[in-house]
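In: Give me coordinates for this.
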Amino acid sequence: MEPTEQPEKQASLGLEEIVHRINRIGLEYVEVKRKSDRLELLKSSYKARAMEKYDDGLRTEAKIKRLAELDEAYLAFLEELAQVRADSEKLKIRYESYRNLFEARRSILSYKKAEMKLL
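Out: Numbering: from 1, shown residues only. A predicted model of the protein is given here:
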């Protein structure tokens, strides 16, 4: 369901409109998922960059690692990654909801069609 959409409006959607929404939301999901996967791959690079920043040759590896994990740029990156993951999950849920709605509507139509044949 669209964020501003009323439940009654969703009940009036036809199969064609549902398919259109499934397609649109599915494409959005793929794009956000791609971004999420890309950021996940870059996670170690961002941490390494933060560690380099604190490596002065005198600090221990453990100290450098702790400082890097508190680095503002690294924390901002982690926040962005978390937000993109959340957006991806929300789109996945919307996609699956519309897909389930489509299947339910299709089942109802099949049932009504079979019922009409019996009359």
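In: Excluding chain neighbours, what is closest to Lys63?
Out: Distance criterion Cβ to Cβ, 6 or more residues apart in numbering; nearest residue to Lys63, sequence neighbours excluded, is Tyr54 at 7.8 Å. The C-beta positions use only the backbone N, C-alpha and C, and glycine is treated the same way.
In: who's in contact with the one you found?
Out: Taking Cβ atoms under 8 Å, 6 or more residues apart in numbering, we find Tyr54 in contact with Lys63, Ile64, Leu67, Ala68, Asp71.
In: 10 Å instead, please
Out: Lys63, Ile64, Lys65, Arg66, Leu67, Ala68, Leu70, Asp71 (Cβ atoms under 10 Å, 6 or more residues apart in numbering).
In: got CSV for the residues you listed, with pLDDT, neighbour count and secondary structure too?
Out: As requested, these are exported to CSV (pLDDT from 0 to 100; neighbours: other Cβ atoms under 10 Å; DSSP: H, G, I helix; E, B strand; the rest coil):
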residue, pLDDT, neighbour count, secondary structure
Lys63, 96, 12, helix
Ile64, 96, 18, helix
Lys65, 96, 14, helix
Arg66, 96, 12, helix
Leu67, 97, 16, helix
Ala68, 96, 20, helix
Leu70, 96, 10, coil
Asp71, 97, 18, coil
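In: Now the element after the one helix or strand in the chain whose mean pLDDT sits lowest, going C-ward?
Out: The least trusted helix or strand in the chain, going by mean pLDDT, DSSP states H and E, turns out to be helix 7-11, with a mean of 58. The element immediately downstream of helix 7-11 (helix or strand, assigned by DSSP states H and E) is helix 15-54.
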